[in-house]
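> no sequence on hand, only this structure:
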């Protein structure tokens, strides 16, 4: 079986995040088709953000979201998103979104949207890293080691990805070693998409749940493939600072200042290629090492 072409993968991602309005402030998210049973957390965040954006008139644009995961979603069923309009002011609007599946809530999200305006400005500097053209993409790195990957993981390991990742310092999946809790990687949608800024924000929200949680495991030399490691996102916060395109290279700089009590705390900064800090991320996740 040949892999889907990049343009089709990119369109699949747009279709996945293009929530359907089925009633006032009620939306339905498309089902993912990875075939692994559990819904990727970034998908639920992105679809909930889309529901919040769809309920708010332009030119207000989402600038922050805060989400709590309560239960894992299942690929077998669509997800419904109920929007609560908490506030509509001249400059800001706030929305709450409750994601449910088969009548049970799986995620709560709060989102703030603002009319763009000028103001005081500063930002952190972008890390000095090699450009993406000098790096191998994540799938090629995985292909190079596929003969050593346990059979039960190979389908998951090599599935075509809608978002391409090029790690600056690739991790060792088979022989994990402890090192400092930070990692940098470039990412982008695998092919150009349209110009809808709300969709680009949703795709960044989707991708912001990739790479982040594993940062807290780096100092301990463990990963989900070689150890009995249970991981899951517990909460997720995203701040959107500047305009960007998700189909152009973005640098995700992640670090983990703390882990303990079966939880790991992770932070991320997302930079456009021109050095602008376009988004910031924070997440706490479950990292439970079982005997």
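That came in fine, so what should we check first? Note that this is a predicted model, so its numbers are computed, not measured.
> starting at the chain centroid, how far to stretch 256-268?
The chain centroid and the centroid of stretch 256-268 are separated by 17 Å under CA atoms, centre = their mean, to the nearest Å.
> likewise for stretch 99-112?
Relative to its chain's centre, stretch 99-112 lies at 17 Å (CA atoms, centre = their mean).
> which helix runs longest in the chain?
What stands out as the longest helix in the chain, according to DSSP state H, is helix 41-54.
> tell me what that one is packed against?
In this structure, helix 41-54 makes packing contacts with helix 6-17, strand 26-29, strand 61-69, strand 79-88, strand 92-101, strand 104-114, helix 197-207, strand 229-240, judged by 3 or more CB pairs under 8 Å, 6 or more residues apart in numbering; DSSP states H and E. Placement of C-beta: from N, CA and C, glycine included.
> confidence-wise, which helix or strand of this protein is lowest on average?
Using mean pLDDT, DSSP states H and E, the weakest-scoring helix or strand in the chain turns out to be helix 154-158, at a mean of 78.
> before we move on, the earlier item: reformat the helices and strands packed on helix 41-54 as JSON lines; add mean pLDDT and mean neighbour count.
Formatted as JSON lines, the helices and strands packed on helix 41-54 follow (pLDDT from 0 to 100; neighbours: other CB atoms under 10 Å):
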{"stretch": "helix 6-17", "mean pLDDT": "96", "mean neighbour count": "18"}
{"stretch": "strand 26-29", "mean pLDDT": "98", "mean neighbour count": "20"}
{"stretch": "strand 61-69", "mean pLDDT": "98", "mean neighbour count": "20"}
{"stretch": "strand 79-88", "mean pLDDT": "98", "mean neighbour count": "18"}
{"stretch": "strand 92-101", "mean pLDDT": "98", "mean neighbour count": "20"}
{"stretch": "strand 104-114", "mean pLDDT": "98", "mean neighbour count": "20"}
{"stretch": "helix 197-207", "mean pLDDT": "98", "mean neighbour count": "24"}
{"stretch": "strand 229-240", "mean pLDDT": "94", "mean neighbour count": "19"}
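> using just helix, strand and coil, how would you label the residue of the chain positioned farthest from its centre?
Distance from the C-alpha centroid of the chain, by CA atoms, centre = their mean, peaks at residue 90 (30.1 Å). Of the three states, residue 90 takes coil under DSSP: H, G, I helix; E, B strand; the rest coil.
> contacts only, for the closest residue to it other than its chain neighbours.
In this structure, residue 90 finds its nearest non-sequential neighbour in residue 115, 7.7 Å apart by CB to CB, 6 or more residues apart in numbering. Residues in contact with residue 115 (CB atoms under 8 Å, 6 or more residues apart in numbering) are 59, 60, 61, 90, 91, 92.
> could you find which two of those are furthest from each other?
Farthest-apart pair in the contacts of residue 115 is 61 and 90; separation 14.8 Å (CB to CB).
> confidence score at residue 32?
Note for residue 32: predicted pLDDT of 79.
> go on, the one 4 residues further on?
At residue 36, the predicted lDDT confidence score is 67.
> next: residue 150.
Looking at residue 150, the pLDDT reads 78.
> ok, now the one 10 residues further on?
The model reports residue 160 with a pLDDT of 87.
> would you confirm that it contacts residue 3?
Yes - at 4.7 Å, residue 160 counts as touching residue 3 under the criterion of CB atoms under 8 Å.
> among these two, which residue is more densely surrounded?
Neighbour count, other CB atoms under 10 Å: between residue 160 and residue 3, residue 160 has more, with 15 against 12.
> just the angle between the longest helix of the chain and helix 6-17, please?
If you take axes from the mean of the first three to the mean of the last three CA atoms, to 10 degrees, helix 41-54 sits at 60 degrees to helix 6-17.
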